[in-house]
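Q: Turn this into a model:
(one chain, ligands or ions: 1)
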Amino acid sequence: MPHPLTTALEELRPLLLDGEHLVRAVAAGRRRGQEPPAHERVELRPVALRGGPHLQAVARSGPRVSTRNAALGPDAERLVEELLAVPFGNWHVETAAEVVQLRVTKRGEAQLHRAATSKRDVQAGPAAHDRSKQRLVDPADPLFTALGAGADKRRQVDAFVRLLAPLADRLLADAAQDGGREVRMTDLGCGNAYLTFAAHRWLGGRAGEAGTALRTVGVDVRDDVVARSRALAVQAQLPGLDFATGTIASAAPFGDAAPDVVLALHACDTATDEALARAVRWGTPVVLAAPCCHHDVQRQLQAATASPAPPLVRHPILRERFADVLTDALRALLLRLLGYRTDVVEFVDSRHTPRNALLRAVRTGAAPTPELVAEYRGLTAAWGVEPALARMLRAEVDAVLTGG
Ligand SMILES: C[S@@+](CC[C@H](N)C(=O)[O-])C[C@H]1O[C@@H](n2cnc3c(N)ncnc32)[C@H](O)[C@@H]1O
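A: Predicted coordinates:
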């Protein structure tokens, strides 16, 4: 039932100023017919600083982030007063006892929803600040135990979600602009779905704060893992999360609609290329892929190199390592040629997996430069290889290479 907006905002005030029980609060979105707020999103948390307990406000606008700390008492009251006066479209407030969501309707009224929080999810008060800074994905989440994820997988998944985090605001803002539609994410080659669950839980939370919804579909060719993950999603009461059996090459996780995010963590060999190729054809804005074993280019290198083989690929162990580097370098080049700003980063320490490189690609639609085309042509000609991704996207790659 709608409430008068001023009354509903007044209900939030004591929760925001309760330094002992507040976990965090997020204000985001805009109100219909009003000037957009100066910041896209403001997050409030209680923090313990040298001068005593404070309320910290972190405001974001695109890439700009500013932080303000207000001592609990009159300073924090002023800060809350100012924020409640900003025409945000949504407030999401988590305390030790409940989650309160306030959404401003088209008519300028408030929809207020309150739900009790499970104790496990909440670490209230200033100490929560330090803990949450270390991990985005709680390694003690019982979901991981149910999924059977070990410590290394939990680390990998947290590191992966950390790379998704800086891209979330833009994704949510774009979906909001596109008629307030849901955000769509798919995890291709999801296997036991540790990443699928963790990313869905995290991004779903952010989507909820922004007043939108997230749908996530994990895809795997194995029936058994899909059936198990489906059952766990129901058990964990995670709405919007589903799984589908099938190959990456033929996956249609959202029917005719394209995903906004494609994830692929250790999809074997050319399954990573299948994931990248699908993402390119869908025009997916955000792609994060941590490749696994690389055999395709390695085989081609072995066949193409003259005898005696050049020193870089003469010894099997070096050939294997060089093939890994060449494969990912070519994948990154191809993604750049096809309109993605791409970098290759170490997403987690090698203690947690030797396969710790990650391709991070954000679609810009930029046209390929002649230098990039020359780099790609030079590298493939020098080593006599045609990477799987280029074979899968032959028409698109031919078009950019020939300027068509
Ligand atoms: C090494 S596991 C990684 C699973 C998960 N992403 C993780 O990191 O825990 C690779 C998964 O990709 C799946 N897979 C491999 N090739 C595939 C393809 N072409 N289409 C769909 N799934 C595939 C396998 O069944 C397997 O579950």
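Q: in what helix or strand does the residue of the stretch 51-200 of the chain found nearest the ligand lie?
A: Nearest to the ligand in the stretch 51-200 of the chain, going by C-beta to the nearest ligand atom, is residue 191, at a distance of 2.4 Å. Glycine gets a C-beta too; all of them are placed from N, C-alpha and C. Assigned by DSSP states H and E, residue 191 belongs to no helix or strand.
Q: Now it: phi and psi?
A: Per-residue torsions, residue 191: phi 50, psi -130 (degrees, to the nearest 10).
Q: Next, count neighbours for it.
A: Per other C-beta atoms under 10 Å, the neighbour tally for residue 191 reads 19.
Q: can you give me the helices for the stretch 301-404 of the chain?
A: 316-337, 370-383, 388-392, 394-401 (DSSP state H, counting those that start in this stretch).
Q: next one: the third one to chain centre, how far?
A: Here the centre of helix 388-392 is set off from its chain's centre by 25 Å, with C-alpha atoms, centre = their mean, to the nearest Å.
Q: Output the contacting helices and strands for that helix.
A: helix 271-282, helix 316-337 (3 or more C-beta pairs under 8 Å, 6 or more residues apart in numbering; DSSP states H and E).
Q: quick one: residue 299 from residue 227, how far?
A: 34 Å (C-beta to C-beta, to the nearest Å).
Q: ok, residue 60 touching residue 168?
A: No. Using C-beta atoms under 8 Å, residue 60 is not in contact with residue 168; the gap is 10.3 Å.
Q: list the contacts for the residue nearest in space to the middle of the chain?
A: With distances taken as C-alpha atoms, centre = their mean, residue 164 lies nearest the centre of the chain, 2.9 Å away. Counting by C-beta atoms under 8 Å, 6 or more residues apart in numbering, residue 164 makes contact with 199, 202, 203, 261, 263, 286, 288.
Q: does it belong to a helix or a strand, and which?
A: Here residue 164 is assigned to helix 151-177, by DSSP H and E.
Q: How far does that helix sit from its chain's centre?
A: 2 Å.
Q: Show me which positions of that helix end up buried.
A: For helix 151-177, burial by neighbour count (16 or more other C-beta atoms under 10 Å) applies to 153-161, 163-164, 167-173, 175-176.
Q: which parts of the stretch 51-200 of the chain sit against the ligand?
A: 189, 190, 191, 192, 194, 195 (C-beta under 6 Å from any ligand atom).
Q: hmm, try it at 5 Å
A: 189, 191 (C-beta under 5 Å from any ligand atom).
Q: can you map out the helices along the stretch 51-200 of the chain?
A: Using DSSP H, counting those that start in this stretch, helices in the stretch 51-200 of the chain cover 74-85, 127-134, 142-147, 151-177, 194-209.
Q: Which strands and helices lie in contact with the shortest one?
A: It refers to helix 142-147. helix 194-209, helix 223-235.
Q: Which elements pack onto the first one?
A: The one in question is helix 194-209. strand 88-95, helix 142-147, helix 151-177, strand 183-188, strand 214-220, helix 223-235, strand 241-245, strand 261-265.
Q: and the ones you listed as CSV, adding mean pLDDT?
A: Output for the helices and strands packed on helix 194-209, formatted as CSV (pLDDT from 0 to 100):
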stretch, mean pLDDT
strand 88-95, 90
helix 142-147, 78
helix 151-177, 89
strand 183-188, 98
strand 214-220, 98
helix 223-235, 93
strand 241-245, 97
strand 261-265, 98
